[in-house]
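J.: No letters, just coordinates:
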């Protein structure tokens, strides 16, 4: 299959995810049927309704593309496909259920293991992030860029506060983590998009994630001049057999390098 028409695919993703955002707004704040999936993560009827909308719009428009979604059965035929959609109908379902505006709708086109275009939409705050490889990244139509923060000390970090207090992360001779401004958001993709926009300097997680958490935001951060990698500095490849990815670090290039240096001799917290 030839490389996709990125501009056309990005338009398709934007149109479809905006429609999905309207559906999410119609459910947000109301009474929802919710339950826990196998493994304990929450899901709601809104997750499934949005997933259905995304699939019904995207798959017929690109019948040659395979499909990977958090809320769809995993068809392993995708592993032989060069191009596929990777979507998360609601990234941050726990926030959505609690009526907190920290969730996003995410969709990406991945070709040969690399995300080529992606959108991340917070429909409650009306923040629409998008990017395509070589075409730059935008927030609500305005170009965005990662911050120029170079040091860990004083950076604006999106992560769980507890991970920086874990004793495994400052084993001598490593000192404790320097003082930072640390906040968190329920949606992994939203954290990454906020780094892409320069509102935060870095995002860091210490546990494995899924491809649908990162794919769309990965290309947005990259096109905004940042880097996304595992804790060893390796970039991610997508459409793997398990759809799982290692813990990641996301930041502008200089700060990303500083974080990797800090992490390289430090085991991941258990």
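T.: Perfect, thanks for sending it. Note that the structure is a prediction, hence the values are computed from the model and not measured. Numbering: from 1, shown residues only.
J.: where does the chain have low pLDDT?
T.: Counting by pLDDT under 70, the chain shows low-confidence ranges at 1, 267-270.
J.: the longest helix in it is where?
T.: What stands out as the longest helix in the chain, according to DSSP state H, is helix 6-27.
J.: which helices and strands sit right next to it?
T.: Judged by 3 or more Cβ pairs under 8 Å, 6 or more residues apart in numbering; DSSP states H and E, helix 6-27 is in contact with helix 45-61, strand 104-111, strand 114-122, strand 127-132. (Glycine included, C-beta is placed from N, CA and C.)
J.: could you redo these as a markdown table and give each row distance to residue 175?
T.: Converted to a markdown table, those look like this (distance: least, Cβ to Cβ, whole Å):
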| stretch | distance to residue 175 |
| --- | --- |
| helix 45-61 | 42 |
| strand 104-111 | 35 |
| strand 114-122 | 35 |
| strand 127-132 | 35 |
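J.: Could you single out the most deeply buried of those?
T.: Stretch with highest mean neighbour count among the helices and strands packed on helix 6-27: strand 104-111 (a mean of 30; mean count of other Cβ atoms under 10 Å).
J.: neighbouring strands for it, and are they parallel or not?
T.: Counting by DSSP bridges, the strands paired with strand 104-111 are strand 83-91 (antiparallel), strand 114-122 (antiparallel).
J.: mind listing what residue 45 touches?
T.: For residue 45, the contact set (Cβ atoms under 8 Å, 6 or more residues apart in numbering) comprises 27, 32, 33, 34.
J.: what about 6 Å?
T.: 32, 33 (Cβ atoms under 6 Å, 6 or more residues apart in numbering).
J.: go on, the one 5 residues further on?
T.: The contact partners of residue 50, taken as Cβ under 6 Å, 6+ apart, are 20, 23, 89.
J.: List the buried residues of stretch 68-84.
T.: Using 16 or more other Cβ atoms under 10 Å as the test for burial, stretch 68-84 gives 68, 69, 70, 71, 72, 78, 81, 82, 83, 84.
J.: Residue 259 and residue 250 touch, don't they?
T.: No: Residue 259 is beyond contact range of residue 250, at 9.1 Å (criterion: Cβ atoms under 6 Å).
J.: who's more crowded, the two?
T.: A side-by-side neighbour count of residue 259 and residue 250, using other Cβ atoms under 10 Å, places residue 250 first with 31 against 23.
J.: Got phi/psi on that one?
T.: Note on residue 250: backbone dihedrals following degrees, to the nearest 10 are phi -140, psi 130.
J.: Mind telling me which residue is nearest the centre of the protein?
T.: In the chain, the residue lying closest to the centroid (Cα atoms, centre = their mean) is residue 189, at 2.6 Å.
J.: now that residue, what's its secondary structure?
T.: Secondary structure state of residue 189, per DSSP: H, G, I helix; E, B strand; the rest coil, is helix.
J.: and the gap between it and residue 229?
T.: 16 Å (Cβ to Cβ, to the nearest Å).
J.: Kindly report the same for residue 119.
T.: Residue 119 is 22 Å from residue 229, by Cβ to Cβ.
J.: How about residue 18?
T.: 30 Å.
J.: Also residue 248?
T.: For residue 248, the distance to residue 229 (Cβ to Cβ) stands at 7 Å.
J.: So for those two, which sits in the more crowded spot?
T.: Taking other Cβ under 10 Å, residue 248 and residue 229 do not tie; residue 248 has more neighbours (23 against 18).
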